[in-house]
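Visitor: What follows is a predicted protein model with its sequence.
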Amino acid sequence: MREDFSSCCLFSNKVASTQRGLTTRFTLKRDQGQILWLGANTWLFMKTFLLYFTGQQYHYLYKMLGLGMCISRASASVLNLNCSLVLLPMCRSLLTFVRGTHAVSSRETRRLLDKSKTFHVACGVSICIFSVVHVSAHLVNVVNFSVSYSDDFPALNLARYKGEDPKLIILTTIPGVTGLFLVLILFLMFTSSSYCVRLFNYEIFWYTHNLFIVFYIILMVHMVGGALKYQTNIEAHPPGCLTANQSSTSQRREDEERRCGEEAHFQPHYPQTWLWVSGPLCLYCAERFYRYIRSSDPVTIVTVIRHPCDVVELRMLKKNFKARPGQYVVLNCPGVSSFENHPFTLTTCPTEKKETFGIHLRVVGDWTERFTQMLLPQPRMDLEILPMVQQRRYPKLYIDGPFGSPSEEVFNYDVSVCVAGGIGVTPFACVLHALLDGWTGFRLQRLYFVWVCRELQSFYWFSELLCALHHKLWQENRPDYFNLKLYVSQKDNLQSMSEEKYRPLTSRLLVGRPRWKLLFDEIGKTNKHKRVGVFCCGPKGISKTLHKLCNSARSSGTTFEFNKESFG
Amino acid sequence: MGKIEWAMWANEQALASGLILLTGGIVGVAGQFRGWQFAAYAIAAGVFVCLLEYPRSKRAKGTSVERTGQYCFTVCVKSFGPLTRNYYVRAFLHAAICVPGGFMLATVLGCVCLGIASIIYLAAAIRGEHWEPIVPRKDTVRPPPADIKNPPQNPPPRPPPETRRKRVEDLEGAAYDNPIPVKD
């Protein structure tokens, strides 16, 4: 995600390499969405700055406060924009719905949806940066309010007397106090959103981030009390005109023209933030409410299956649950932890024939450990006593979702390459199930499936599925549809998959890490001049390598489009 | 649920506060505002806090992610021994450092943020956390087994095949019968 945000060239370079006569085209394109967002921010900043810099109604205020006023108001308008936009990418159900409609067929719109979390982070970071600018400018303003206390226009002052301590001004006005609280909440939210805290102490991140509602409520009352005022009667009192008891050194005739009609009248601005923010805030609250209602029905757990390498499959049933391959759900088990929610990709979707859906979860942290302990009976040391068949009382489980992910697009390419690392195979397992049900209905004509695991035992998670799909396609005379490549990356302690029925897997199994460039060259040669969709769900290293490979052009004319799956 | 490490969050906050103090101090000194001596103090305090907080602590359980180039800072901070290991000391130190920042407008924000960080450090210290340096892992070369020259002459004794049940090795699998078989 960082690489996309920090690439900043808007043009494409054609660099011809003389070796082997290949041309390598380096294109560093920015999303249209990013350009639009940057442009909107810049335009808003400049427009507000110029309004306050040159506007006649702010003439006297500018004379008192200087540039600080213009910068603070310009950054405030950018903050308004970003505070309203930051909520939109988090409306996950809405985005899932938009993804499912056919209105989203262009790649640019899909990429915007895929990068929703990046956009949220970008808006958040810009809120922090512009808050710093806004606070600094307002601190300078407060000092100027105190130092340049205006006796000519007493209505314009925020300080009560000349030389009032700026800290006192901040603590006794509504904008000052609310501003202080806003900065503190923003500080808490920002420091808990760092990568490490999110990875290791997700609860801190989640609970502090939910302070956003307090932030928005305070934000909407931040402008109450009107610190900055504008002049309402410009025609009667043109700024810079001379009052009755003033005289200038120029001639009398000019004096007459420049006399003021009346005293300057000032009025504070009405708070505008609510105009920007209330729409997205209502949308987000409606979305949370809808998700709460939707997930209030607990699921029925149908079966629990153990798999090797610490993986447990859970098959569930829920009324009116519909999902597409590649989507994920969020699990909440009050018996384990009331407030923790964990996302898991669906490995089987409900169909007309079969209503159960399933997830595969790997036991990695303490939530999954506790959850699997509640689902499975404990291993007993004394094996003379056979385990009794007992009525399993499964814990109550709630799911929220399904939510969309980029892997839903596998079916919309002619040729797709799915690369999975370890447990990252789960979105593609759902895709394979859908193909097993009926592969003729999709646009997809060829699927390359590369699965890299550390241990051989991991392949047992979906060995039945892979073999079944392989056999079905061979029976129906499309052997080139499904191209499977399995890799075992750990070279020591190799076991073997000796069962006869898994021959299609063992004959496609290679030891060692895959060589991506050769793989892509091979795929490029067999699919000339086609648009190939590349989907990767696995470790960051593989994802980065594949992204780089996709961006380098090929002599075969094949274009690889990288669709990134992001976790968390 | 699970062990929340408050110290990690307090560390991020303290580092950010150090930067805010530093920035506020620079602004205060550059503008030569009233009370600029406090701003000069804030610069020094900000630098000190950043240096102290830059090296991340090792997590009690699990993998730790270092900040880039933190090893030299780790060595410096480690050399102070129990003063830097203990989070009570850090909490009170930050509380004491932040107070002079409150006297000048430019550094007020840094003062408040560092105060919050010191409260969180206090909470972490009460929960018994402490700072552990992250040292780079040295891969120990495993010595070769002592006697590999003479392989055994006879096969190990085994019971007859009928009584040899494979499920004895798979203790966890023996306890639970999968409703749908995964492998033979």
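Guide: Okay, I see it.
Visitor: Please name every helix or strand in contact with whatever helix or strand residue A:213 lives in.
Guide: In this assignment (DSSP states H and E), residue A:213 forms part of helix A:212-220. Applying 3 or more Cβ pairs under 8 Å, 6 or more residues apart in numbering or on different chains; DSSP states H and E, we find helix A:212-220 packed against helix A:174-191, helix A:273-294. Heads up, the C-betas are built off the backbone N, CA and C, glycines and all.
Visitor: First-to-last residue distance for stretch A:302-312?
Guide: End-to-end distance of stretch A:302-312 (Cα to Cα, to the nearest Å): 13 Å.
Visitor: Quick one: name whatever helix or strand follows the helix holding residue A:213.
Guide: Per DSSP H and E, the first helix or strand lying C-terminal to helix A:212-220 is strand A:229-231.
Visitor: gap between that following strand and the chain center?
Guide: 40 Å (Cα atoms, centre = their mean, to the nearest Å).
Visitor: picking up where we left off before, would you indicate which residues of the helix holding residue A:213 are buried?
Guide: A:212, A:215-216, A:218-220 (16 or more other Cβ atoms under 10 Å in any protein chain shown).
Visitor: quick one: that helix to helix A:174-191, angle?
Guide: If you take axes from the mean of the first three to the mean of the last three Cα atoms, to 10 degrees, helix A:212-220 sits at 150 degrees to helix A:174-191.
Visitor: Quick one: the helices in the stretch 401-550 of chain A, in order.
Guide: Applying DSSP state H, counting those that start in this stretch to the stretch 401-550 of chain A gives helices spanning A:426-437, A:463-475, A:503-506, A:516-526, A:540-551.
Visitor: List the contacts of the fourth one.
Guide: Think helix A:516-526. Outside helix A:516-526, the residues that touch it by Cβ atoms under 8 Å, 6 or more residues apart in numbering or on different chains are A:415, A:417, A:448, A:450, A:485, A:532, A:542, A:545-546, A:549-550, A:554, A:556, A:558, A:560.
Visitor: farthest pair in the residues you listed?
Guide: Across the contacts of helix A:516-526, the longest distance by Cβ to Cβ is 22.5 Å; it joins A:542 and A:556.
Visitor: Who has more neighbours out of the two?
Guide: When neighbours are counted by other Cβ atoms under 10 Å in any protein chain shown, residue A:542 and residue A:556 differ, and residue A:542 comes out ahead with 20 against 15.
Visitor: Could you find the residue nearest the spatial middle of chain B?
Guide: Chain B has residue B:57 as the residue nearest its centroid, 2.7 Å off, counting by Cα atoms, centre = their mean.
Visitor: Look up the closest residue to residue A:212, ignoring the ones flanking it.
Guide: Nearest non-adjacent residue to residue A:212, counting by Cβ to Cβ, 6 or more residues apart in numbering or on different chains: residue A:189, 7.0 Å away.
Visitor: Hmm, residue A:210 and that neighbour touching each other?
Guide: No. Using Cβ atoms under 8 Å as the test, residue A:189 is too far from residue A:210 to be in contact (9.3 Å).
Visitor: Please say which of the two ends up with more neighbours.
Guide: More crowded of residue A:189 and residue A:210, by other Cβ under 10 Å: residue A:189, with 19 against 10.
Visitor: Chain B contacts on the stretch 151-300 of chain A?
Guide: Residues of the stretch 151-300 of chain A lying close to chain B (Cβ under 8 Å from any Cβ of the partner chain) are A:166-167, A:170, A:180, A:183-184, A:187-188, A:190-192, A:194-197, A:199-201, A:203-204.
Visitor: which among these end up buried?
Guide: Neighbour-count burial (16+ other Cβ under 10 Å) is assigned, among these, to A:166-167, A:170, A:180, A:183-184, A:187-188, A:190-192, A:194, A:196-197, A:200-201, A:204.
Visitor: wait, what's in contact with the residue lying closest to residue B:49 once chain neighbours are set aside?
Guide: Excluding its sequence neighbours, the residue lying closest to residue B:49 (Cβ to Cβ, 6+ apart) is residue B:18, at 3.5 Å. Listed by Cβ under 8 Å, 6+ apart, the contact set of residue B:18 reads B:45-50, B:53, B:110, B:114.
Visitor: Now the buried members of the residues you listed.
Guide: B:45-46, B:49-50, B:53, B:110, B:114.
Visitor: is any part of the helix or strand hosting residue A:138 close to chain B?
Guide: Per DSSP H and E: residue A:138 is located in helix A:116-147. Yes. Shown here: helix A:116-147 in contact with chain B (Cβ under 8 Å from any Cβ) through A:135-136, A:139, A:142-143.
Visitor: Reformat those residues as JSON lines; add neighbour count and distance to residue A:95.
Guide: Shown next, in JSON lines, are these (neighbours: other Cβ atoms under 10 Å in any protein chain shown; distance: Cβ to Cβ, whole Å):
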{"residue": "A:135", "neighbour count": "18", "distance to residue A:95": "32"}
{"residue": "A:136", "neighbour count": "19", "distance to residue A:95": "35"}
{"residue": "A:139", "neighbour count": "22", "distance to residue A:95": "39"}
{"residue": "A:142", "neighbour count": "26", "distance to residue A:95": "41"}
{"residue": "A:143", "neighbour count": "20", "distance to residue A:95": "45"}
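Visitor: wait, which of the residues you listed is closest to chain B?
Guide: In terms of Cβ to the nearest Cβ, no member of these lies closer to chain B than residue A:139, at 6.0 Å.
Visitor: Name the nearest residue to residue A:148, ignoring sequence neighbours.
Guide: In this structure, residue A:148 finds its nearest non-sequential neighbour in residue A:64, 4.8 Å apart by Cβ to Cβ, 6+ apart.
Visitor: Tell me which residues touch that neighbour, please.
Guide: Contact analysis of residue A:64 by Cβ under 8 Å, 6+ apart lists A:144-145, A:148, A:150, A:156.
Visitor: Just confirm it is within a helix.
Guide: Yes. Assessed with DSSP: H, G, I helix; E, B strand; the rest coil, residue A:64 lies in a helix.
Visitor: ok, it to residue A:516 distance?
Guide: Residue A:64 is 63 Å from residue A:516, where distance means Cβ to Cβ, to the nearest Å.
Visitor: hmm, back to that, just among the contacts of residue A:64, which is most surrounded?
Guide: Counting neighbours by other Cβ under 10 Å, residue A:145 leads the contacts of residue A:64 with 25 neighbours.
Visitor: Contact partners for that residue?
Guide: Counting by Cβ under 8 Å, 6+ apart, residue A:145 makes contact with A:64-65, A:157-159, A:166, A:169.
Visitor: Perfect, that will be all.
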